[in-house]
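A.B. asks: Please find the sequence and the predicted model below.
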Amino acid sequence: MSFIQSAKRVALGCAAALLVAAPAWAQAHDGDWTGSLKAPGGQELHLILHLTTKAGETDAVLDSVDQGVTIPAAAYKPDGNKVSILFLAVGGELEGEFASDGKTFTGTWKQGLTMPLTLTRKTAAPK
């Protein structure tokens, strides 16, 4: 077998492994993420980001607890630990990165202004 044929087989094997691993990687971020957005003027909004992956597709929903509003995401674009989530209904975008330990998400909320936002994975209550 030639070097080129071997390289092609290795490349195809790597590509197949990435396709199989991608849904599992996304599911690693599934769950509820909580935090507070400090808006200009001192207002603080408590947020909960819900992430659910099914059949390789991730759905995101953002609850603004203080406002009593639930906002479904229009698009979820992952890039490794980084993600961009569009909330077109309110003209907002959440961009950031999940920590490698899976406990925090650090990023920005953009909605006219850009504001820092850190979310922490919500742990399940003991049964």
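C.D. replies: That came through fine.
A.B. asks: Surely Thr70 is in contact with His50?
C.D. replies: No: the pair Thr70 / His50 is not scored as a contact, 9.0 Å apart, by Cβ atoms under 8 Å. Any C-beta I mention is one placed from the backbone N, CA and C, and that applies to glycine too.
A.B. asks: Name the residues contacting each of those two.
C.D. replies: Shared contacts of Thr70 and His50 (Cβ atoms under 8 Å, 6 or more residues apart in numbering): Val61, Leu62, Asp63.
A.B. asks: pull the longest strand from this structure.
C.D. replies: strand 44-54 (DSSP state E).
A.B. asks: and it, which strands flank it?
C.D. replies: strand 31-38 (antiparallel), strand 57-64 (antiparallel) (DSSP bridges).
A.B. asks: C-alpha coordinates for that strand, CSV please?
C.D. replies: Extracted C-alpha coordinates of strand 44-54, given in CSV (Å, rounded to 0.1, in the frame of the first residue of the first chain):
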residue,chain,number,x,y,z
GLU,A,44,-29.4,42.4,37.7
LEU,A,45,-31.2,39.7,35.7
HIS,A,46,-31.0,36.1,36.8
LEU,A,47,-30.7,33.8,33.8
ILE,A,48,-31.0,30.0,33.2
LEU,A,49,-29.7,28.5,30.0
HIS,A,50,-31.2,25.1,29.2
LEU,A,51,-29.2,22.9,26.7
THR,A,52,-30.5,19.6,25.3
THR,A,53,-29.0,17.5,22.5
LYS,A,54,-31.0,15.0,20.6
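A.B. asks: can you redo the strands paired with strand 44-54 as JSON lines with mean neighbour count, distance to Thr120 and mean pLDDT?
C.D. replies: Below are these laid out as JSON lines (neighbours: other Cβ atoms under 10 Å; distance: least, Cβ to Cβ, whole Å; pLDDT from 0 to 100):
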{"stretch": "strand 31-38", "mean neighbour count": "17", "distance to Thr120": "6", "mean pLDDT": "96"}
{"stretch": "strand 57-64", "mean neighbour count": "17", "distance to Thr120": "15", "mean pLDDT": "96"}
